[in-house]
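> only geometry, no sequence info:
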């Protein structure tokens, strides 16, 4: 499957396929990409979103995972850092 091209700082929407008890559920996770790590098939990216009550949730996704259905770039970001770990303190 052709993945969307995204960079650190972009707001993306990741559609995830969850399998529980022989049932398949689709969910989405929308947030800001704060890091991209690794090389080749071992690449991962970390997405951070604000959940209800201003509680931040971070999730690490493998780029070549069969459970990731689609990655859409909602908004491109303009950043000057390779990793946006400073967002954790804000």
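Noted; the coordinates are in hand. All values derive from a computational prediction rather than experimental measurement.

> from now on I want contacts and neighbour counts done on CA atoms only, so please keep to that.
Fine.

> for the residue most central in space within the chain, which non-adjacent residue is spatially closest?
Here the mean C-alpha position of the chain is nearest to the C-alpha of residue 47 (C-alpha atoms, centre = their mean), at a distance of 3.7 Å. In this structure, residue 47 finds its nearest non-sequential neighbour in residue 33, 4.5 Å apart by C-alpha to C-alpha, 6 or more residues apart in numbering.

> ok, the one you found - how many residues close by?
24 (other C-alpha atoms under 10 Å).

> mind listing the strands for the protein?
Along the chain, counting by DSSP state E, strands occupy 11-20, 23-37, 44-50, 56-62, 68-75.

> pick the most buried one from those strands.
strand 44-50 (a mean of 19; mean count of other C-alpha atoms under 10 Å).

> for the record, mean pLDDT for that one?
Averaging pLDDT along strand 44-50 gives 95.

> residues touching it, excluding its own?
29-38, 56-63 (C-alpha atoms under 8 Å, 6 or more residues apart in numbering).

> picking up where we left off before, dig out what the residue nearest to the centre of the chain forms beta bridges with.
residue 33, residue 59 (DSSP bridges).

> just to revisit the earlier point, adding distance to residue 88, write the strands of the chain out as JSON lines.
Listed next are the strands of the chain as JSON lines, based on distance: least, C-alpha to C-alpha, whole Å:
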{"stretch": "strand 11-20", "distance to residue 88": "16"}
{"stretch": "strand 23-37", "distance to residue 88": "10"}
{"stretch": "strand 44-50", "distance to residue 88": "9"}
{"stretch": "strand 56-62", "distance to residue 88": "8"}
{"stretch": "strand 68-75", "distance to residue 88": "20"}
